[in-house]
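Engineer: structural data only, the sequence is not supplied:
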């Protein structure tokens, strides 16, 4: 009897505990938002809801304006948290991406591969024909599409020109990292492989599918993309979501992962025309020096970046579901894709949420 009573009391005790205890309901993760393909509708998110530091906003805006910015956008989960324009710029003004647009070429190359139009492991002469460089046939045949994506063609980078006379042997493909305009040959390869103009293929496979505006403009040897800041933000949002726009996988996720991770063992901070933060070391354009540490030490380590001359920026930060856009003139006298501007800017951005 005593044993039975103990069992009953034990059961009642556990029952009482379970009925008295209310488990907290977890806050559901906010869904990712994608703006409509047409129109100006774009959901916003308040800093109050995010519990961000309002006092950090004005110092950030003052710095952006001081540094010749034209636009600045922060997205969190696809929603606009900040959108500011300076110096006569507006939401409808187009501006050039400069080398930040290299990431568009990377993305379209991946799309062409998933459509079985080309293979990035093929030699580039399969699509361009031989004699597109001044190298010997054996040297030229070493250069693959992937070498152009990773800046390891081995071609002399002392000139921006990409005519055959300017594309001179410096090292075997894959053995030297050097920032070079020769990546534009990927646009020619896609055009040849698809049987379309580069711009028509780009518009159909990427621009129109995510609601971007913009056009390609020929500036010297470069085909430079120009668009609104929101169009740049749309592309950043696509890449935040690993090549997926809403329910449509536009860029294969496997290729996306290759593009946004270290692509070779010379410059750890470089993927397929994307810059990568948080690596052990990196190289800069026009230099063969290896710099230790993260490219932007004040920014999140998981960030990957599209960076262009005169400080055109797309920052994608996966662990914060965040995309940041900056367009404008050069922040300082240094006109490279990377400068001290990034370091200070990220100190001010981080003050918003830390």
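Structural biologist: Thanks, I have the structure now. In this text the structure is predicted, and so the values were computed from the model without any measurement. Numbers count the residues shown, from 1 in each chain.
Engineer: now do the helices in the protein.
Structural biologist: For the chain, applying DSSP state H gives helices covering 2-20, 47-50, 57-66, 102-114, 125-128, 137-140, 145-150, 185-194, 198-202, 229-240, 253-259, 340-353.
Engineer: in CSV: those helices, plus mean neighbour count and distance to residue 271.
Structural biologist: C-beta coordinates here come from the backbone N, C-alpha and C atoms, glycine included. Shown next, in CSV, are the helices of the chain (neighbours: other Cβ atoms under 10 Å; distance: least, Cβ to Cβ, whole Å):
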stretch, mean neighbour count, distance to residue 271
helix 2-20, 9, 51
helix 47-50, 13, 29
helix 57-66, 15, 27
helix 102-114, 23, 8
helix 125-128, 18, 22
helix 137-140, 14, 25
helix 145-150, 25, 8
helix 185-194, 21, 14
helix 198-202, 19, 20
helix 229-240, 24, 11
helix 253-259, 18, 5
helix 340-353, 18, 17
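Engineer: how much space between the nearest residue to residue 136 once chain neighbours are set aside and residue 102?
Structural biologist: Spatial nearest neighbour of residue 136, excluding adjacent residues (Cβ to Cβ, 6 or more residues apart in numbering): residue 169 at 7.5 Å. Going from residue 169 to residue 102 by Cβ to Cβ, to the nearest Å gives 23 Å.
Engineer: indicate which one of the helices of the chain is closest to residue 319.
Structural biologist: Of all the helices of the chain, helix 229-240 sits nearest to residue 319, with 10.8 Å by Cβ to Cβ.
Engineer: what helices and strands are in contact with the closest one?
Structural biologist: Counting contacts by 3 or more Cβ pairs under 8 Å, 6 or more residues apart in numbering; DSSP states H and E, helix 229-240 packs against strand 69-76, helix 102-114, strand 244-245, strand 312-317, strand 322-328.
Engineer: where among the helices of the chain is average confidence lowest?
Structural biologist: Least confident of those, judged by mean pLDDT, is helix 2-20 with a mean of 37.
Engineer: isn't residue 302 right up against residue 316?
Structural biologist: No: using Cβ atoms under 8 Å, residue 302 is not in contact with residue 316; the gap is 9.1 Å.
Engineer: would JSON lines of the helices of the chain with distance to residue 80 be doable?
Structural biologist: What follows is the helices of the chain, written out as JSON lines (distance: least, Cβ to Cβ, whole Å):
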{"stretch": "helix 2-20", "distance to residue 80": "44"}
{"stretch": "helix 47-50", "distance to residue 80": "11"}
{"stretch": "helix 57-66", "distance to residue 80": "14"}
{"stretch": "helix 102-114", "distance to residue 80": "21"}
{"stretch": "helix 125-128", "distance to residue 80": "40"}
{"stretch": "helix 137-140", "distance to residue 80": "47"}
{"stretch": "helix 145-150", "distance to residue 80": "31"}
{"stretch": "helix 185-194", "distance to residue 80": "31"}
{"stretch": "helix 198-202", "distance to residue 80": "25"}
{"stretch": "helix 229-240", "distance to residue 80": "8"}
{"stretch": "helix 253-259", "distance to residue 80": "24"}
{"stretch": "helix 340-353", "distance to residue 80": "14"}
